[in-house]
Each structure stands twice: as structure tokens, then as C-alpha cells.
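Undergrad: fold the following.
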Amino acid sequence: MAKYLISFPSAAMVVPDGEWDAVSRDAHAVIHEAKAAGVYVFSGGIDEDVPPARRPWLSRG
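TA: Alright, predicted model coming up:
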């Protein structure tokens, strides 16, 4: 089975005041639909202040 990652950087989530309720409702609806379809695995955030993990055994040098 194919696996996909859908990711948005925090800069893409500029939401005007007063619209957070609608954004939250819509985001929860997407998660609910994914669960109902049996394709939901994980949702959450990534701390952009943490540097990416490195795999030194794959580096060339």
C-alpha cells in the first residue's frame, strides 16, 4: 500500500482572527473522513525549531 505524508509549513497557516473556529472544524472533518475511509495514521505538529535528524552512516565523505 502506498504511504503519503501531507505536510504544511507553519507559514502556510496564517489564519485571520475570527476564522480559527472554522479552520478547526474543517480540519477535524478531514481527519474524521480519513478515519472513516481507513486511511488515517497520524496527525500532529512538527517543532520547526528542532533541526532535522541526520544519519551519519549515509553521508559521503
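Undergrad: in this protein, which spans are helices?
TA: 20-37 (DSSP state H).
Undergrad: how far does stretch 14-28 stretch from start to finish?
TA: Using C-alpha to C-alpha, to the nearest Å, the end-to-end distance of stretch 14-28 comes to 18 Å.
Undergrad: try stretch 2-11
TA: Across stretch 2-11, first to last residue, C-alpha to C-alpha, it's 28 Å.
Undergrad: again, but for stretch 1-9
TA: 26 Å.
Undergrad: hmm, who's touching that stretch?
TA: Outside of stretch 1-9, the residues within contact range by C-beta atoms under 8 Å, 6 or more residues apart in numbering are 41, 46, 48. C-beta here means a position set from N, CA and C on the backbone, and glycine is covered the same way.
Undergrad: would JSON lines of these with distance to residue 23 and neighbour count be doable?
TA: Shown next, in JSON lines, are the contacts of stretch 1-9 (distance: C-beta to C-beta, whole Å; neighbours: other C-beta atoms under 10 Å):
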{"residue": "41", "distance to residue 23": "22", "neighbour count": "9"}
{"residue": "46", "distance to residue 23": "18", "neighbour count": "11"}
{"residue": "48", "distance to residue 23": "19", "neighbour count": "9"}
